[in-house]
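J.: The following comprises the amino acid sequence and a computationally predicted model.
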Amino acid sequence: MSLLLAAIAADAVAGGAVLTWPGAPPCNTTLHACIAAAVAGDTVEIATDGPIDETIEIFGKSLTLRAAEGFEPVFEPTNGTDAIEAFGADAQVTILIDGLTVRGGTIGAYQAGTGAFDIAIRGNRIESTGLDANRSAIYLRTFGASPTGPVQFEVTDNDIALGFLSGDDICAIALDDLPGPSSGSIARNRVRDGGEMSTYPAMRIHNATGTLALDVVANAITASGYNGGIELVQDDVAGSVATRILNNLVVGGSDVMGPQPGAVSLRATAGGVLALVANNTLAHNDTGFIAKASPGATLEGALANNIVAFNAIRGIVIDSGIAAAFDNAHNLAWSNAGDAFEPGPGTLASDPLFVGAGDYHLRPATPARDTGDDQYVPEDIEQDLDGSARIIGPAVDIGAFERPDSLFADGFEAP
């Protein structure tokens, strides 16, 4: 959580009122009425498991909406799929949505004003066997404000399990064109299950005219049927993106349709992208990693310390037009149907030796152990996908998981 979000959350608990629903007036009727009666800085705790058949809007005021201790609230709206929506305004607004379950619906946030909008969506569970087409389980986007105020966001620790029909435009997490300056993280989310076929990837980040700083860290995408895993598109000359995509696991992505699906896909049609893609495991997809830029756009950065293996159509694709500005080093590329890049220093062509049966941890004899390059590990990223230390031993391991060193009783290292 950002320092600002943490401060507001602390104020809501220490200074603002804590309202419990269902409870005493004004929280003795609907949850909607309870939220409407809350004032800025209040916390609304839900003290029922539900199911709750309401659609909720939090419009233009700072509020925490969370599960009360000992409860696991479940929203099952029958009137529409937008279960919980949060809106920014012309004044500063901070909203936290924490620890809720939504079945057959979505959680969304809109920047609807010129004021700063801080939004945290964390620790929630979204499950559905058939969202409407062109829906995202969790989404952030603009809502017609001009000019648009800055957005600071955190989408963290959510569990998303969707079942979609063939051809639906469905994704798990979407960030769509925030015109104002925006920054935040999509971290530690789990995307699983999936459906027959979606034309959207599991995570879709689309930027046009805004300035976006984004971390995509320690997410596990193991769902089938999505049109790729993590997709980032920059498509307006006025916009730019700086992103770090680190310690993610992406498996099961399909190449459903163009222009360039992949477990991690970077595309700049206009404007500029600066990206560090490091210590990810991209395996058993149709395409592993792909990066391209249109004439006049820029795509710079590095692909380093990644395992890209067992991908059915393409492994690593780095467009020749950006190769000089996009480093690749210390990646392990193995048993992909095809690669299109010039291997950089430290590239390995060896079986990564996954544990197997859907377990992408590394066996003791893995060639990925201690063969990464520490310069591509940011100082503030101290943990791997499991939450273990990111660097154990003389150098970082390649891939999303660090292999723990172990010692025999005589003090010698285990193989």
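T.: Received, thanks. Residues are numbered from 1 along each chain as shown.

J.: what separates stretch 363-380 from the chain centre, distance-wise?
T.: From the chain centre to the centre of stretch 363-380 is a distance of 22 Å (Cα atoms, centre = their mean, to the nearest Å).

J.: Extract the residue ranges of the stretch 101-250 of the chain that are flagged as low pLDDT.
T.: Counting by pLDDT under 70, the stretch 101-250 of the chain shows low-confidence ranges at 130, 132.

J.: quick one: the helices in it?
T.: Remark: no helices are assigned in the stretch 101-250 of the chain by DSSP state H, counting those that start in this stretch.

J.: quick one, strands of the stretch 201-350 of the chain?
T.: Ranges of strands within the stretch 201-350 of the chain are 203-207, 211-217, 220-221, 230-246, 249-251, 264-278, 281-283, 287-293, 298-304, 307-309, 314-318, 326-329, 332-334, based on DSSP state E, counting those that start in this stretch.

J.: would JSON lines of these with distance to residue 23 and mean neighbour count be doable?
T.: Backbone N, C-alpha and C define where each C-beta goes, glycine included. Below are those laid out as JSON lines (distance: least, Cβ to Cβ, whole Å; neighbours: other Cβ atoms under 10 Å):
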{"stretch": "strand 203-207", "distance to residue 23": "37", "mean neighbour count": "24"}
{"stretch": "strand 211-217", "distance to residue 23": "38", "mean neighbour count": "21"}
{"stretch": "strand 220-221", "distance to residue 23": "37", "mean neighbour count": "24"}
{"stretch": "strand 230-246", "distance to residue 23": "41", "mean neighbour count": "21"}
{"stretch": "strand 249-251", "distance to residue 23": "41", "mean neighbour count": "25"}
{"stretch": "strand 264-278", "distance to residue 23": "46", "mean neighbour count": "23"}
{"stretch": "strand 281-283", "distance to residue 23": "46", "mean neighbour count": "29"}
{"stretch": "strand 287-293", "distance to residue 23": "51", "mean neighbour count": "27"}
{"stretch": "strand 298-304", "distance to residue 23": "51", "mean neighbour count": "22"}
{"stretch": "strand 307-309", "distance to residue 23": "51", "mean neighbour count": "28"}
{"stretch": "strand 314-318", "distance to residue 23": "56", "mean neighbour count": "23"}
{"stretch": "strand 326-329", "distance to residue 23": "56", "mean neighbour count": "21"}
{"stretch": "strand 332-334", "distance to residue 23": "55", "mean neighbour count": "23"}
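
J.: Could you dump those into JSON lines with distance to residue 352 added?
T.: Formatted as JSON lines, these follow (distance: least, Cβ to Cβ, whole Å):
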{"stretch": "strand 203-207", "distance to residue 352": "23"}
{"stretch": "strand 211-217", "distance to residue 352": "21"}
{"stretch": "strand 220-221", "distance to residue 352": "17"}
{"stretch": "strand 230-246", "distance to residue 352": "18"}
{"stretch": "strand 249-251", "distance to residue 352": "13"}
{"stretch": "strand 264-278", "distance to residue 352": "16"}
{"stretch": "strand 281-283", "distance to residue 352": "8"}
{"stretch": "strand 287-293", "distance to residue 352": "12"}
{"stretch": "strand 298-304", "distance to residue 352": "16"}
{"stretch": "strand 307-309", "distance to residue 352": "5"}
{"stretch": "strand 314-318", "distance to residue 352": "12"}
{"stretch": "strand 326-329", "distance to residue 352": "17"}
{"stretch": "strand 332-334", "distance to residue 352": "6"}
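
J.: average pLDDT across stretch 351-362?
T.: Per-region confidence: stretch 351-362 scores 96 on mean pLDDT.

J.: And for stretch 277-288?
T.: 98.

J.: so how far is the first residue of it from its last?
T.: Taking Cα to Cα, to the nearest Å, the first and last residues of stretch 277-288 lie 12 Å apart.

J.: Offset the numbering so it begins at 159, please.
T.: Renumbered: residue one is now 159, and that last one reads stretch 435-446.

J.: Distance of residue 463 relative to residue 388?
T.: 16 Å (Cβ to Cβ, to the nearest Å).

J.: so residue 549 makes contact with residue 537?
T.: No. Contact between residue 549 and residue 537 fails when scored by Cβ atoms under 8 Å: they sit 10.8 Å apart.

J.: Who has more neighbours out of these two?
T.: Taking neighbours as other Cβ atoms under 10 Å, residue 549 and residue 537 compare with residue 549 leading, 16 against 5.
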